[in-house]
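In: Fold the following for me, if possible:
(chains A and B)
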Amino acid sequence: MALDKIGIAKRIAQEVQDGFYVNLGIGIPTLVANYVRNDIEVEFQSENGVLGMGPFPFEGEEDADVINAGKQTITTMPGASFFDSSMSFAMIRGKHVDLTILGAMEVSENGNIANWKIPGKMVKGMGGAMDLVASAENIIVAMMHTNKRGESKILKQCSLPLTGVGCVTKVVTNLAVLEVKNNAFNLLERAPGVSIEEIQNATEGTLIIDGEIPEMILS
Amino acid sequence: MINKKVNNVQEALKGVKNGMTFMLGGFGLCGIPENAISELVKRDIRDVICISNNAGVDDFGLGLLLQNKQIKKMISSYVGENDEFERQMLSGELEVELTPQGTLAEKCRAAQAGFPAFYTPAGYGTEVAEGKETREFDGKMYVLEDAFKADFAFVKAWKGDAAGNLIFKGTSRNFNPNMCGAATITVAEVEEMVEVGELDPNNVHIPGIFVQRIFQGEKYEKRIEQRTVRQRN
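Out: Numbers count the residues shown, from 1 in each chain, chains lettered A, B, ... in the order given. Here you go, the predicted structure:
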């Protein structure tokens, strides 16, 4: 069965390693924090200016001055720090953040990503996404494999205005885990019960299937 | 001690005119200069260019200036959560320059620090880089981005003193420190004005040299955009 958003978040959480500084985008990526193993040390960075982000506050303890990049009220963990926007992006641009997890509308086989604009329809802006994808070396995209009309979002070429070029390293969708390498999507894992054929049908970009493809193991 | 203190927002905004370019601190509604924004609405200052990460929400923050059609152009990184903004932008009434968030911050900091421009990898290969100079360093491509030029920077801090020294709180810091000294005149409003000498010099985030005018702000609403909580159990 295809994964729901929580399933995608759980699978991506397995990519988070001990000692990582991690930037989480808005949407599914935000959920990843809930499923990271609790026997490892990880610090979450939010580009509005906090490192060491904690869970949401208890009711009545919300502080208007302590939010994440999604403008949600948050708390901080022991050892956290606040800083200005320029320093925040020094962390990002300077490659001090180990892993970036963000959403996308489209990705292509050469590692391009589009997630900030639908011409004539929707323009919300890129926020920090362009800075993140231009600098991070380890970028995982969390997304649905197809759109509401069933059309693939895993493409040969993006049709929407780009956020970054040649930057995506891994994609985790409701159907599969894909590694972006040598101008192709390499199928690494299938969602539990999802066939290779289903993934092929939902993928417009070049899909490489090498050997036995295991199912994801989700706890 | 060079005294930067003014009595109120009216004095602080002396010299503000139609057609000027303003920088405004804040991320969403967090750390916005609420008093300066209210005064700009009250004075009906028009045809302005606003440099601010976001454009407020429909009925608060910069959204108030938008409702009033006082803004000619917005330079921002993210403008969601504001229907009036989207309407004015799609109809062409409002000119919008979307800039990657880190580039926006650095364009402020460059102005503050005396750099005319800088290279950044953000936006290379996208429409943000169109018409801009690009250059390769160590095999990677970068885009040349200019420092901002602005007439006034309006920032909000937690504590400040008459010398113009500022301390920010939590994530309300965001763009505020980067905008100090990045415009011809920097106006800081503070939640709490303390006596000179009370701030520990070790803890000052922005030295007073970057601030021309400082005043005690009033009636901070500090609205929360997304109130998220967890249950106690």
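In: could you dump stretch B:53-63 to CSV, C-alpha only?
Out: These are the backbone C-alpha positions of stretch B:53-63, laid out as CSV (Å, rounded to 0.1, in the frame of the first residue of the first chain):
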residue,chain,number,x,y,z
ASN,B,53,10.9,39.0,4.2
ASN,B,54,7.1,38.7,4.3
ALA,B,55,4.1,41.0,3.7
GLY,B,56,2.2,40.4,6.9
VAL,B,57,-1.3,39.0,6.9
ASP,B,58,-4.4,40.6,5.5
ASP,B,59,-5.2,42.6,8.7
PHE,B,60,-1.8,43.0,10.4
GLY,B,61,1.8,44.0,9.8
LEU,B,62,2.6,45.1,6.3
GLY,B,63,-0.8,43.8,5.2
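In: Can you name the residues that contact residue 29?
Out: You didn't pick a chain, so chain A it is. A:9, A:12, A:101, A:102, A:103, A:142 (Cβ atoms under 8 Å, 6 or more residues apart in numbering or on different chains). For glycine as for every other residue, the C-beta is placed from the backbone atoms N, C-alpha and C.
In: Switch to chain B, please.
Out: For residue B:29, the contact set (Cβ under 8 Å, 6+ apart) comprises A:64, A:71, B:56, B:57, B:60, B:61, B:222, B:223, B:224, B:225.
In: ditto for residue A:72
Out: The contact partners of residue A:72, by Cβ under 8 Å, 6+ apart, come to A:30, A:56, B:226, B:227, B:228.
In: If any of the residues you listed are buried, put those into a ChimeraX selection.
Out: Of the contacts of residue A:72, the buried ones go into a single ChimeraX selection, burial set by 16 or more other Cβ atoms under 10 Å in any protein chain shown:
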select /A:30,56 /B:228
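In: May I ask which two of the contacts of residue A:72 are separated the most?
Out: Farthest apart among these by Cβ to Cβ are A:30 and B:227. That separation is 15.3 Å.
In: quick one: low-confidence parts of chain B?
Out: Counting by pLDDT under 70, chain B has no low-confidence residues at all.
In: can you count the residues close to whichever residue of it sits closest to chain A?
Out: Scanning chain B for the residue nearest chain A gives residue B:102, at 3.0 Å (criterion: Cβ to the nearest Cβ). A count of nearby residues for residue B:102, using other Cβ atoms under 10 Å in any protein chain shown, gives 29.
In: mind listing what it touches?
Out: If you count contacts by Cβ under 8 Å, 6+ apart, residue B:102 has them with A:47, A:85, A:86, A:88, A:89, A:92, A:93, A:128, A:130, A:131, B:120, B:122.
In: same deal with residue A:171?
Out: Shown here is residue A:171, whose contacts under the criterion Cβ under 8 Å, 6+ apart are A:107, A:140, A:141, A:143, A:154, A:177, A:178, A:180, A:185.
In: so after the lowest-mean-pLDDT helix or strand in chain A, what's the next helix or strand?
Out: Between all helices and strands in chain A, the lowest mean by mean pLDDT, DSSP states H and E belongs to strand A:122-123, at a mean of 80. Towards the C-terminus, the helix or strand next in line after strand A:122-123, according to DSSP states H and E, is helix A:129-135.
In: who touches that following helix?
Out: A:23, A:25, A:47, A:89, A:92-95, A:100, A:102, A:113, A:115-116, A:139, A:163-164, A:167-168, B:100-103, B:120-124, B:126, B:128.
In: Show me how far stretch B:51-61 is from its chain's centre.
Out: The chain centre lies 10 Å from the centre of stretch B:51-61; the measure is Cα atoms, centre = their mean, to the nearest Å.
In: Against residue B:191, how distant is the nearest residue to residue B:189 once chain neighbours are set aside?
Out: Taking Cβ to Cβ, 6 or more residues apart in numbering or on different chains, and ignoring the residues beside it in sequence, residue B:189 has residue B:217 as its nearest neighbour in space, at 3.9 Å. Computed as Cβ to Cβ, to the nearest Å, the residue B:217 to residue B:191 distance reads 6 Å.
In: Now do the same contact list for residue A:108.
Out: With contacts defined as Cβ under 8 Å, 6+ apart, the neighbours of residue A:108 are A:155, A:156, A:157, A:158, A:205.
In: Could you write me a PyMOL select line covering just the buried ones among the contacts of helix A:129-135?
Out: Only the buried entries of those go into this PyMOL selection, using 16+ other Cβ under 10 Å:
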select buried, (chain A and resi 23+25+47+89+92+93+100+102+113+115+116+139+163+164+167+168) or (chain B and resi 100+101+102+103+120+121+122+123+124+126+128)
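In: taking the contacts of helix A:129-135 one by one, which sit in strands?
Out: Judged by DSSP state E, strands contain the following of the contacts of helix A:129-135: A:23, A:100, A:102, A:113, A:139, B:120.
In: Identify, from these, the entry nearest to residue A:201.
Out: Taking Cβ to Cβ as the measure, residue A:201 lies nearest residue A:113 of the ones in strands among the contacts of helix A:129-135, at 22.5 Å.
In: bridging residues for residue 155?
Out: I'll assume chain A. Listed by DSSP bridges, the beta-bridge partners for residue A:155 are residue A:108.
In: other chain: chain B
Out: Those that pair with residue B:155 in a beta bridge, by DSSP bridges, are residue B:188.
In: What separation do you get for it and residue B:33?
Out: With distances taken as Cβ to Cβ, residue B:155 is found 6 Å from residue B:33.
In: of the two, who's got more company?
Out: A count of neighbours by other Cβ under 10 Å puts residue B:155 above the other of residue B:155 and residue B:33, at 35 against 29.
In: need the helices for chain B, in chain order.
Out: Counting by DSSP state H, residue ranges of the helices within chain B are B:9-12, B:34-43, B:63-67, B:83-91, B:101-113, B:176-179.
In: most tightly surrounded among those?
Out: Per-stretch averages of neighbours, counted by mean count of other Cβ atoms under 10 Å in any protein chain shown, single out helix B:176-179 among the helices of chain B, with a mean of 30.
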